[in-house]
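**Student:** Got a sequence here, can you build the structure:
(one chain, ligands or ions: 1)
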Amino acid sequence: MQFTGAHILSIDQFSQDDVEHLFQVADAMEPFARRALRTRVLDGAILSNLFFEPSTRTRVSFGCAFNLLGGHVRETTEIKASSISKGESLYDTARVISGYSDIIAMRHPVAGSVEEFARASRVPVINAGDGPAEHPSQALLDLYTIRKELRIDGPLEKLRIAMVGDLKHGRTVHSLGKLLCLYRNIHFTLVSPRELAMPAYIVDLLRSKGHTVSETDSMEAGLHNCDTVYLTRIQEERFVNQAEADLYRGRFRLNQAIYTQHCKPNTVIMHPLPRDSRAEANELDNDLNQHPSLAIFRQTDNGVLVRMALFALTLGVADQVARHVEEVPWYTAKRFRNPPPL
Ligand code: CP
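**Tutor:** Numbering: from 1, shown residues only. I've put the predicted structure just below:
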C-alpha cells in the first residue's frame, strides 16, 4: 500500500508487508509515547476527530497519538452535536471538515458510512469503527499486542486463538479475523451463541486461506489449548431491542477459576474494551485484574503507538520524526516502561 495520503478504511487494504512496516514505525514511537522524548513533526497539522458513537479509548488515543506527534486535535462527539442532526449529508460534512483538517478519524453507527464520507473528503480518513462492520486500527493494535505478548518477532504462524462473545456484531473480531488471514496456519475457535455467530463470509474467508475454524457455544470447550483468548462484550447497541440483548448478556464469563481450570498456563487474555462490568454481564471478571497474562491495558497502551504510526505514515512523516526531537522537561512516571502495580 502507498500509505501517504491513503484512507484507512478496512483491513482488506493491508498486505503482510504493510503490517510489518506499520509495526516497525509503531516500535519507533515508543520513546515518545512514554514521554522519554517529544517530537514536533506534525506541528501545525490538524486532526478532526469525528465520533458519532460513544468511545473512550479510540477517540482519546487517536487524539493523544496526534498530540504526541506535535499536532492539534479538533473534536466532534455525538450526532446531536453536529449539523448531521439538522439533515446535513455525509458528503457535505466531509467537504466542510476536510477543508479544516489535514486528516480525519471518524466513527459512525452505520456500516459503510466512513467509506462514503471518505469518498467526499479532500484529506485522508481513518475508520475508527463503522457500525458492526470494521475497526481496522483496533485489529492492528490487537495483532501488535499478540506478537508482543507471545514474544513473536516476525510474522505469526500457528496461533491458536479463541474469540468469544458477540461475534455477529463485534467489528473488532471481524477486522482481527481478516487481519490474521494474512498469516499461516491459524486455528480459530469461535465461541458464541448460534444467533451471534461470526458472519459466514468471514468464516468462509478464514477457511479459504487455509486456516482451521471450529465453532462452538461452549466457552469452556473453546478455551482448550488456545494461546490467546479474545473476549468481547454483547454489543447491545446493535440489537433491535434491549430484551433481545438481555437473552445473551452474561452467557460467557471468564474468571480466575475458569481460567485455571480450562486455559493452559500463560494464555493471553485480551478484550478490545470496554468490558461490561455490570453484574448481569461481567464477561471478564475483575478477579483476573492482577493476572500477568491479562493484556487488556497493554492493548490500550499499544493503541497509542499503532495510531501514531498510522498518522506518521498517512501524512508521510515516518522518516522525519527523529529530526524534530526534543527532551521532555516535565516529570513523567514513564508508565510504559515501569507500569505501577494495579
Ligand atoms: N475498543 C474500542 O473501540 O473502545 P472505545 O469504544 O472506548 O473506543
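**Student:** quick one: the strands in the stretch 201-342 of the chain?
**Tutor:** Secondary structure of the stretch 201-342 of the chain (DSSP state E, counting those that start in this stretch): strands at 212-216, 228-231, 268-270, 325-327.
**Student:** Could you say which of those is packed most deeply?
**Tutor:** Highest mean neighbour count of the strands of the stretch 201-342 of the chain: strand 228-231, a mean of 24 (counted as mean count of other Cβ atoms under 10 Å). Any C-beta I mention is one placed from the backbone N, CA and C, and that applies to glycine too.
**Student:** Contact residues of the stretch 51-200 of the chain facing the ligand?
**Tutor:** 55-59, 129, 138 (Cβ under 6 Å from any ligand atom).
**Student:** Pretty sure Asn49 sits against Arg74.
**Tutor:** Yes: using Cβ atoms under 8 Å, Asn49 makes contact with Arg74 at a distance of 7.0 Å.
**Student:** Centre-most residue in the protein?
**Tutor:** The C-alpha lying nearest the average C-alpha coordinate of the chain belongs to Gln138 (Cα atoms, centre = their mean; 1.1 Å).
**Student:** quick one: Phe297 and Met1, what's the gap?
**Tutor:** Look at Phe297 and Met1: by Cβ to Cβ, to the nearest Å, they are 30 Å apart.
**Student:** Likewise for Glu20?
**Tutor:** Distance from Glu20 to Met1, by Cβ to Cβ: 12 Å.
**Student:** what's the closest of the strands of the stretch 201-342 of the chain to the ligand?
**Tutor:** Counting by Cβ to the nearest ligand atom, the ligand lies closest to strand 268-270 out of the strands of the stretch 201-342 of the chain; the figure is 11.0 Å.
**Student:** list the helices and strands that closest one packs on?
**Tutor:** When contacts are defined as 3 or more Cβ pairs under 8 Å, 6 or more residues apart in numbering; DSSP states H and E, strand 268-270 packs onto helix 136-149, strand 228-231, helix 296-314.
**Student:** Now tabulate the ones you listed in CSV and tack on mean pLDDT.
**Tutor:** CSV is the format used below for these (pLDDT from 0 to 100):
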stretch, mean pLDDT
helix 136-149, 98
strand 228-231, 98
helix 296-314, 98
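**Student:** can those go into JSON lines with extra columns for distance to His7?
**Tutor:** Shown next, in JSON lines, are the helices and strands packed on strand 268-270 (distance: least, Cβ to Cβ, whole Å):
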{"stretch": "helix 136-149", "distance to His7": "10"}
{"stretch": "strand 228-231", "distance to His7": "26"}
{"stretch": "helix 296-314", "distance to His7": "8"}
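**Student:** Of all the ones you listed, which one comes closest to Ser101?
**Tutor:** Nearest of the helices and strands packed on strand 268-270 to Ser101, taken as Cβ to Cβ: helix 296-314 at 12.1 Å.
**Student:** Next, see if that closest one gets close to the ligand.
**Tutor:** No: counting by Cβ under 6 Å from any ligand atom, no contacts exist between helix 296-314 and the ligand, the nearest distance being 8.0 Å.
**Student:** angle of that helix against helix 136-149?
**Tutor:** Angle, helix 296-314 to helix 136-149, by axes from the mean of the first three to the mean of the last three Cα atoms, to 10 degrees: 120 degrees.
**Student:** Who are the packing partners of helix 296-314?
**Tutor:** helix 16-28, helix 30-33, helix 57-68, helix 136-149, strand 268-270.
**Student:** Export the ones you listed to TSV and append columns for distance to Leu42.
**Tutor:** What follows is the helices and strands packed on helix 296-314, written out as TSV (distance: least, Cβ to Cβ, whole Å):
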stretch	distance to Leu42
helix 16-28	14
helix 30-33	11
helix 57-68	7
helix 136-149	17
strand 268-270	30
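**Student:** mind listing what Leu223 touches?
**Tutor:** 162, 229, 254, 258-259, 262-263, 267 (Cβ atoms under 8 Å, 6 or more residues apart in numbering).
**Student:** Excluding covalently adjacent residues, which one is nearest to it?
**Tutor:** His262 (4.2 Å; Cβ to Cβ, 6 or more residues apart in numbering).
**Student:** count of neighbours near the residue of the stretch 201-342 of the chain found nearest the ligand?
**Tutor:** Closest to the ligand within the stretch 201-342 of the chain is Pro272: 4.0 Å, counting by Cβ to the nearest ligand atom. Neighbour count for Pro272, taken as other Cβ atoms under 10 Å: 27.
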